[in-house]
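Asks: All I have is the shape, not the residue letters:
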C-alpha cells in the first residue's frame, strides 16, 4: 500500500477493496500507530514493508470498529497492543468465528492468530495510551457496537471510522433499538468534535480523504439520506450507483418499510 501524507505526522493508504483507508500516525522518533490496516494479505504486507522502508516501526494499533475489514493485522506489523473500545473488543471476541469466516471469504490468507484480536482500552481512558501524538478516542453509537473515531488534535485530523463516506451511504446498525436516531446522533457528535477542534482533514473508513468543507458536504448528504429513508421518499444519491452499496441500501429500505427482522 502506498502511503500519502495528509497532515503533519499523518499518512493514509487506500486498499483496492471498498476504497478502505488505513491511517498511520508517526511520532518524531519514528514509532507508529496503525489504524484499520487492510484489506488483502498482500496489501497489509505492503503496508508493513512501506513502514519499514521509511525507518518507522509499528508500536500500537487501533480498530475503529469490530467489522472484519477493520480488525486485520500481520506479524510484520509487530506483536503490539491493538486498541479498541471495550465494546468493540468484546464484540470482536464474541463474533470471532464469524469475522474469520468473512475475512477468509473476501480476503483469504490472513493469519488467524492476529485477526480480530483487540485490546480493550482501560476503563475511562479518553486517549490511546501510547507515547506518540495525542489520539483522542471519540466513541459513538452507530454503524455497529463499539464504534469510535480517533481525533488527532495536534494535526487537526479526524479518523472517523465508517462515517462520512463519499462512496457509501450511511450503513445502519439494524440490530439497535433506534438505528437512524443513533446515526443522526453520531453525525452530530462528530461534527461537534470537528468544529470544536478545528479539524481540517477528515479520514473516513471508506472513500477519500477530504477537508472541513468536504466534511460539511458529506454531513449534509448523510442527513438527507437518513431523512429520505425514514420518510420513504425517493433517494437521489450518487453513492447508490455502486451495485454493492445499492444492495445494502435496499436492505435498509425494507427495514424502514417495516421489515424489521432483517439482520
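Replies: Arrived safely, thanks for sending. Everything quoted here is computed from the prediction, not taken from an experiment.

Asks: ranges for the strands of the protein?
Replies: Taking DSSP state E as the test, the strands found in the chain are 4-7, 10-14, 21-26, 31-35, 57-62, 82-84, 119-120, 136-139, 148-152, 157-159, 201-203.

Asks: ok, the shortest one: who's next to it in the sheet?
Replies: The strands beside strand 119-120 in its sheet (DSSP bridges) come out as strand 82-84 (parallel).

Asks: and the partner strand, how far out from the chain's middle?
Replies: 13 Å (C-alpha atoms, centre = their mean, to the nearest Å).

Asks: which of the residues in that strand are buried?
Replies: 82-84 (16 or more other C-beta atoms under 10 Å). No exception for glycine: its C-beta is placed from N, CA and C like everyone else's.

Asks: on that earlier part again, of all the strands of the chain, which lies closest to residue 95?
Replies: strand 82-84 (12.9 Å; C-beta to C-beta).

Asks: Can you give the contact residues for the closest one?
Replies: 60-63, 65-66, 71, 73, 92, 117-121, 128-129, 146, 148 (C-beta atoms under 8 Å, 6 or more residues apart in numbering).

Asks: filter these to the buried ones?
Replies: 60-63, 65-66, 71, 73, 92, 117-121, 128, 146, 148.

Asks: Kindly provide the distance from residue 189 to residue 217.
Replies: Distance, residue 189 to residue 217, by C-beta to C-beta, to the nearest Å: 18 Å.

Asks: Comparing those two, which shows the higher neighbour count?
Replies: The neighbour count for residue 189 versus residue 217, taken as other C-beta atoms under 10 Å, is higher for residue 189 (17 against 14).

Asks: Report how many residues lie close to residue 88.
Replies: Neighbour tally, residue 88, other C-beta under 10 Å: 29.

Asks: Tell me where the stretch 51-200 of the chain has helices.
Replies: 86-94, 96-106, 179-196 (DSSP state H, counting those that start in this stretch).

Asks: picking that back up, buried deepest among the strands of the chain, which one?
Replies: The highest average neighbour count among those, using mean count of other C-beta atoms under 10 Å, belongs to strand 157-159 at a mean of 28.

Asks: what does it rub up against?
Replies: The contact list for strand 157-159 (C-beta under 8 Å, 6+ apart) reads 6-7, 10, 23, 35, 64, 138, 149-152, 190, 193-194, 197, 199-203, 215.
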